[in-house]
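Peer 1: no sequence for this one, just the structure:
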């Protein structure tokens, strides 16, 4: 589960984000097409990841998993450099 980038092929992606980007959505990652850096501290992004019945974590747990691998935890490096 990527927590440092939004992925345009995930259930939560909204096509309107391409033209009307949320404030927390950053430019695309040139190394990974369809991935976009996120301001992971933004409450809107956090609510996609956890804390409600439609969150990414809830869906993982509902699928029967008892944990998740957190990807792009080094996302802070992008913001340190930019």
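Peer 2: Done, it's in. Computed from a prediction, not measured in an experiment: that's the story for all the values here.
Peer 1: in which helix or strand would I find the residue lying farthest from the centre of the chain?
Peer 2: The C-alpha centroid of the chain is most remote from residue 64, which lies 21.1 Å away (Cα atoms, centre = their mean). Under the criterion of DSSP states H and E, residue 64 resides outside all helices and strands.
Peer 1: For it, grab phi and psi.
Peer 2: Dihedral pair for residue 64: phi 100, psi 0, per degrees, to the nearest 10.
Peer 1: quick one: the strands in the protein?
Peer 2: 5-7, 25-28, 35-38 (DSSP state E).
Peer 1: Which residues does the last one contact?
Peer 2: Going back to what we said before, that points to strand 35-38. For strand 35-38, contacts defined as Cβ atoms under 8 Å, 6 or more residues apart in numbering pick out 2, 4-8, 24-29, 45, 75, 78. (Each C-beta comes from the backbone N, C-alpha and C, glycine too.)
Peer 1: again, but for the shortest one
Peer 2: The list of residues contacting strand 5-7 from outside it, by Cβ under 8 Å, 6+ apart, reads 12-13, 17, 25, 29, 32, 34-38, 45, 48, 72, 75.
Peer 1: Among those residues, which one has the most neighbours?
Peer 2: residue 38 (24 neighbours; other Cβ atoms under 10 Å).
Peer 1: Is that residue bridged to anything, and to what?
Peer 2: residue 25 (DSSP bridges).
Peer 1: one step back: can the strands of the chain go into JSON lines with extra columns for distance to residue 59 and mean pLDDT?
Peer 2: Formatted as JSON lines, the strands of the chain follow (distance: least, Cβ to Cβ, whole Å; pLDDT from 0 to 100):
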{"stretch": "strand 5-7", "distance to residue 59": "14", "mean pLDDT": "98"}
{"stretch": "strand 25-28", "distance to residue 59": "20", "mean pLDDT": "95"}
{"stretch": "strand 35-38", "distance to residue 59": "18", "mean pLDDT": "97"}
